[in-house]
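Enquirer: Next one to model:
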Amino acid sequence: MNDGLHRASTQKIADDTKKGGMMILGFGLCTSMSVLVSSFIYIWYSTTIPDDCVLRTYFFGMGIINVIMAILLACLTFFGKGLAVSSGHSLLHDKYKAEGRDAEAQQQEEELGQEVSMYGSGLACVACFLVPLSLFALGWCIYGIVKAVEAARGGAADCEQAVTVFWIMLAVNLLQQCASKCKQSQTSQIQQSATAGSDSD
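Expert: Numbers count the residues shown, from 1 in each chain. Model prediction:
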């Protein structure tokens, strides 16, 4: 164990891991809220498009997809924060072990195992829904691109404004997807780190 960890107080370790968890929570909730807001925009705008426009179905469908995505991202954020905070048990275990406080080290090890199991299982459940939903969203975007190109080439007057809005919202949606992937990657790294800390004991 390094000297820095040895000198660190129990409270400082707890505060640092809690701070890391709050950063994950803040970033995750901002991402979830932005996706939720865009879903409302999609659904609302679909009601303003004429029935004859081929993009009406796309906008409504993307709105529904984003509502579900926002809920799953919020769940992912909750479990990711839990894993980040639980990593403090691993640090405390190492600290107590080096100080010869075996009983307290054992308690931290048990708490780490319980929390990793609980939050890890939650992440796995979310992933079971998030992965296929992301693939479906990708396919739905491709469907929308095809319809937008068809509408633009056909010169449909009832879709002219909808095509412009489509490209703007597509760019926003791609940025949100990138943020979502970063969030998933960050959470996965935290899970691996916490699991490694649990297994190493």
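Enquirer: Helices of the chain, start to end?
Expert: Here the chain has its helices, by DSSP state H, at 3-7, 10-46, 56-98, 102-154, 160-199.
Enquirer: what's the most buried one of those helices?
Expert: Burial of the helices of the chain is given as mean neighbour count (mean count of other Cβ atoms under 10 Å); helix 56-98 ranks first at a mean of 21. For every residue, glycine as well, the C-beta is placed using N, CA and C.
Enquirer: That helix - what's its average pLDDT?
Expert: Averaged across helix 56-98, the pLDDT comes to 83.
Enquirer: got the angle between it and helix 10-46?
Expert: Orientation check (axes from the mean of the first three to the mean of the last three Cα atoms, to 10 degrees): helix 56-98 against helix 10-46 gives 180 degrees.
Enquirer: which other helices and strands contact helix 56-98?
Expert: Secondary-structure packing of helix 56-98 (3 or more Cβ pairs under 8 Å, 6 or more residues apart in numbering; DSSP states H and E): helix 3-7, helix 10-46, helix 102-154, helix 160-199.
Enquirer: Try it again at 6 Å.
Expert: Packing contacts for helix 56-98, counted by 3 or more Cβ pairs under 6 Å, 6 or more residues apart in numbering; DSSP states H and E, involve helix 10-46, helix 102-154, helix 160-199.
Enquirer: returning to what we had before: ok, of the helices of the chain, where does mean pLDDT dip lowest?
Expert: Ranked on mean pLDDT, the bottom entry among these is helix 3-7, at a mean of 48.
Enquirer: close enough to count as contact, Gly88 and Lys19?
Expert: No. If you go by Cβ atoms under 6 Å, Gly88 and Lys19 don't touch, sitting 10.5 Å apart.
Enquirer: so how far is Lys18 from the residue lying closest to Leu72 once chain neighbours are set aside?
Expert: Once flanking residues are discounted, Leu72 sits nearest to Leu130: 4.8 Å by Cβ to Cβ, 6 or more residues apart in numbering. From Leu130 over to Lys18 the distance is 26 Å, taken as Cβ to Cβ, to the nearest Å.
Enquirer: ok, now Phe40?
Expert: Phe40 sits at a distance of 32 Å from Lys18 (criterion: Cβ to Cβ).
Enquirer: cool, and Asp51?
Expert: 52 Å.
Enquirer: pretty sure Thr77 contacts Gly28?
Expert: Yes. Using Cβ under 6 Å, Thr77 is in contact with Gly28, at 2.7 Å.
Enquirer: Let me see the contact set for Tyr58.
Expert: 144, 147 (Cβ atoms under 6 Å, 6 or more residues apart in numbering).
Enquirer: repeat that for 10 Å
Expert: Residues in contact with Tyr58 (Cβ atoms under 10 Å, 6 or more residues apart in numbering) are 42, 46, 49, 140-141, 143-148, 162, 166, 169.
Enquirer: circling back: using JSON lines, lay out the helices and strands packed on helix 56-98 together with distance to Arg56.
Expert: What follows is the helices and strands packed on helix 56-98, written out as JSON lines (distance: least, Cβ to Cβ, whole Å):
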{"stretch": "helix 10-46", "distance to Arg56": "6"}
{"stretch": "helix 102-154", "distance to Arg56": "10"}
{"stretch": "helix 160-199", "distance to Arg56": "8"}
